[in-house]
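> task: produce atomic coordinates for the following.
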Amino acid sequence: MADRTASPDGSGSAAEKATQPSSSAGSDDGDGRSSTIAGKDDATSSIVTSHRAALNRMHTETNGLRPRRHRVPDPSPATLRAWSVRSLSRTARAGAAAASAAAAAQDAHPNERPYDVDGTSGGELWAEQVKKSCCGGSDGERRSGKEWLHAILPCSAWLSTYKWREYLPTDVLAGLTVGVMIVPQSMSYAKLAGLPVEFGLYSSLVPIYAYALFGSSRQLAVGPVALVSLLLSTGLTMVLENDGVTRETHPDGEYERIYATLALQTSVLVGLCYVVMGLLRLGFVTIFLSHAIVSGFTSAAAIIIGLSQVKYIFGYDIPNNKSLHGMLRNIFANIDKFNYKTFLLGTSCVFTLVGLKKLATKYPRFKWTRAAGPLIVTVVCIVLQATIDLEARGIPIVKYIPAGFPSFTGDVVFPVTDLGNLSVVILSIVIVGFMESIAIAKKLAQVHGYELDSSMELVGLGMANLTSGLFGGYPVTGSFSRSAVNNSSGAHSGLSAMVTATMVAVTLLCLTSVFELLALAALASIVISGVISLVDYAEAIYLWRVHKFDFCVWMVAFIGTLFLGVEMGLGISVGISLLLVIFESAFPHTAVLGRLPGTHHYRNIKQYPDAEQYDGIVLVRVDAPIYFANSQHVRDRIHKYYQRSEERLSGDNDGDGGNGGDIESEPLSEEIQRVRFVILELSPVSHVDTSALHTLQEMNATFRKEKDIQLCLSNPNPRVMRRLVLSGLADEIGREHIFVALNDAVHYCLDQMDTAEMVRHASRLSLTKMEEDPLPLSASVGALPVSPIVEVPETATGDDGEIGLDL
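This next block holds a predicted model:
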């Protein structure tokens, strides 16, 4: 039987060449196989098996590369210590020596993977990160005093390189610009959170100073945001309802006091969660939320936020509801109380803010209007109140803002008596807050060319939320809109954030009486204009065009949040993300490989249908680490590929039968009617755990004992190879069956099958001639004793490999 494809030169199939004379069949093939067996008879020397034909093509196309076994099959402890950075000098000589050794190894073995492969598993990598953050520097050594200072106070890193004359003017300008924007926004978001407006100003004071000192992003603008405010409002309302606390049962401001206390406690607990996560190096958790999930959740939440502000635009009280249909029902329940005056003022402010954003986007020279929009609307509404008295005309205003700095609220926060009920609120704010903050922070760090540590970002956000709860504020995070304005205004460092906080402090000391005149409809318009851009319908269109499955995920997150509420929608989003991660991890991609004609490269046969496959050999690549979650799936896929190859070979043999008993055309069919070798390409496998090792051991035992199949491994990285050695699996498989490259493994397997086939053909031919004419056969053999030939029929019914060994 032939290979599965035609020969590269197109001169005929491998089956046709399998019976053509070839001078290479009787010569040394370069791997210790001489022509002794093939030269014992003239008829035998005319046979070129399909395996030998494939080897000849491979030699011709790949310049005669010979099989190479794994170069370092058993790393000794001394070698491992030599690889360790801690055992080398702390100078640059270590890096130079390692680089030269790697270059020399690569020159000697050009197709072999260098030994700087990071085969570390996820758990080991996380443990190393935690150890490094606690007691080690960037190279695994002890931290210096300067490194400790940069780790504890990230602001010292940019202060040490700060160019005062160049950066200070732009930082001050950016800080003032964001300050103009944050004062009305923070007051609006405080109303969205169900708190008095001063809570928004308090959340924009001390927390911003704290983040400037402990945060790792230099352009991120921290403070109150719409999404966190909505999560706080819906979460605390649900907690109080479950406890039976309502405005009817707790009148005269008691309900508002309990609500404010819970908001302070939530902020402190969110901060503590962030700090602990940062110290444990858990900044990677946000990668489990796909972009489609985040976009769908944010778009639906933005609609809920906008509807929650409609009551200030329509001019009558509308009870909040966590779902879209509930909000619409409450809006139209008392539509007869509609106030056209607040509606005209509110819609005018919304259109003004949206128009100024469009103007800034379309005409870059007017980009200042984006940041100045909220201030312009605020000033106009304050002037209208001062001149024509909007309150007297039925338009509500803020009325009262206490002047002065916030007091320390630590005695109010502790003890926390309702931690169990607050856990859902805390978890949702932690996830959404960090997700929103890290997205914009990484983008800004990439633009400005500095490295952002996600875990240090957690610590910075934690300190901001911790100080917010201790000084009269509620949970904060990074703001998309204000960060964009801060960056476009030329901010270079956290000094711009300090300027912003200073401006809020001046407002609290001197301007509270002015902002008391601000209409609530204007505050609502600032919130609505801010969340309009969060409805990412363009992303949904893009997903529908590019990836239908991601579009379905987007729709599930969007509809779930819109109709089941923000908390339930967030839970659905996180659940879908985790299911996707588990699915992709538990069912990794695997592929059957074939050789590209004219090369020694092996690729997926589905991607390259013309790739050459070899009868009797199954080449499988696993494109993921093998561990307890996917080891059974990997085993099942390998067995499926093996069974499919067996069925194909059996079918081909059935079709090729009926050759009339011609001995010279018969020997090729029986040898390749079943699989002899299974080769696993392990280069994509970064690590294996004990479950994977047990699975490989069971599979190797099944193949060898029950099916007489040899398992071969190709290119395991050092960590995988070390575990193969320590577990004894390398010896069970046979270290001679662990190769540097896939081409070496295929070369070895083809040569082994060719040798076995030639031996079997020679023995059959000798037996046939002995039956026809025993005496001339004995005389013609000459060098071969008669007795071994007479004994051959006794073992002819056994294994072909054993026959070859006996001969």
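> how many other residues sit next to residue 351?
Neighbourhood size, residue 351 [other C-beta atoms under 10 Å]: 12. C-beta coordinates here come from the backbone N, C-alpha and C atoms, glycine included.
> average pLDDT for the helix or strand harbouring residue 749?
Using DSSP states H and E, the element containing residue 749 is helix 742-772. The pLDDT scores in helix 742-772 average 80.
> give the buried residues for that helix.
By neighbour count on 16 or more other C-beta atoms under 10 Å, the buried set for helix 742-772 is 742-767, 769-770.
> separation between residue 165 and residue 218?
18 Å (C-beta to C-beta, to the nearest Å).
> give me the more crowded residue out of these two.
Set residue 165 next to residue 218 and count neighbours by other C-beta under 10 Å: residue 218 wins out with 26 against 6.
> assign the more buried one to helix, strand or coil.
What DSSP: H, G, I helix; E, B strand; the rest coil gives for residue 218 is coil.
> endpoints of stretch 542-551, how far apart?
Start to finish, the residues bounding stretch 542-551 are 8 Å apart (C-alpha to C-alpha, to the nearest Å).
> how far out from the middle of the chain is that stretch?
19 Å (C-alpha atoms, centre = their mean, to the nearest Å).
> mean confidence for that stretch?
What stretch 542-551 shows for mean pLDDT is 90.
> which outside residues touch it?
Applying C-beta atoms under 8 Å, 6 or more residues apart in numbering, the external contacts of stretch 542-551 come out as 290, 292, 540, 554.
> just give me the closest of the residues you listed to residue 272.
Distance to residue 272, by C-beta to C-beta, is smallest for residue 290 among those, at 27.9 Å.
> my read: that closest one touches residue 553, true?
Yes. When contacts are counted by C-beta atoms under 8 Å, residue 290 is listed as touching residue 553 (6.9 Å).
> which of the two has more neighbours?
Applying other C-beta under 10 Å to residue 290 and residue 553 shows that residue 553 carries more neighbours, namely 23 against 18.
> just say helix, strand or coil for that one.
Using three-state DSSP, the structure places residue 553 in helix.
> the spatially closest residue to it that is not a sequence neighbour: neighbouring residues, count only.
Spatial nearest neighbour of residue 553, chain neighbours left out: residue 292 (4.7 Å); criterion: C-beta to C-beta, 6 or more residues apart in numbering. When neighbours are counted by other C-beta under 10 Å, residue 292 registers 27.
> look up how far residue 431 lies from residue 292.
16 Å.
> report the contact partners of residue 409.
By C-beta under 8 Å, 6+ apart, the neighbours of residue 409 are 264, 469-472.
> show me which pair in those is furthest apart.
Among those, 264 and 471 lie farthest apart (C-beta to C-beta), at 9.3 Å.
> of the contacts of stretch 542-551, which belong to helices?
Counting by DSSP state H, the contacts of stretch 542-551 place 292, 540, 554 in helices.
> could you measure from the first one over to residue 604?
To tie it back to what came earlier, the one meant is residue 292. Counting by C-beta to C-beta - residue 292 and residue 604 are separated by 27 Å.
> quick one: the strands in the stretch 401-550 of the chain, in order.
According to DSSP state E, counting those that start in this stretch, the stretch 401-550 of the chain carries its strands in the segments 477-478.
> ok, residue 359 - contacts?
Contacts of residue 359 (C-beta under 8 Å, 6+ apart): 366, 369.
> hang on, it in a strand?
No. With three-state DSSP as the criterion, residue 359 is assigned helix and is not in a strand.
> and the strands in this structure?
Taking DSSP state E, the strands of the chain run over residues 222-223, 477-478, 590-595, 602-604, 617-622, 677-681, 710-714, 738-739.
> tell me which of those is the most buried.
Compared across the strands of the chain, strand 222-223 shows the largest average neighbour count, a mean of 32 (mean count of other C-beta atoms under 10 Å).
> just checking, what packs against that strand?
helix 164-192, helix 206-214 (3 or more C-beta pairs under 8 Å, 6 or more residues apart in numbering; DSSP states H and E).
> quick one: distance of it to the chain centre.
27 Å.
> adjacent strands (with direction) for it?
Within its sheet, strand 222-223 is paired with strand 477-478 (antiparallel), according to DSSP bridges.
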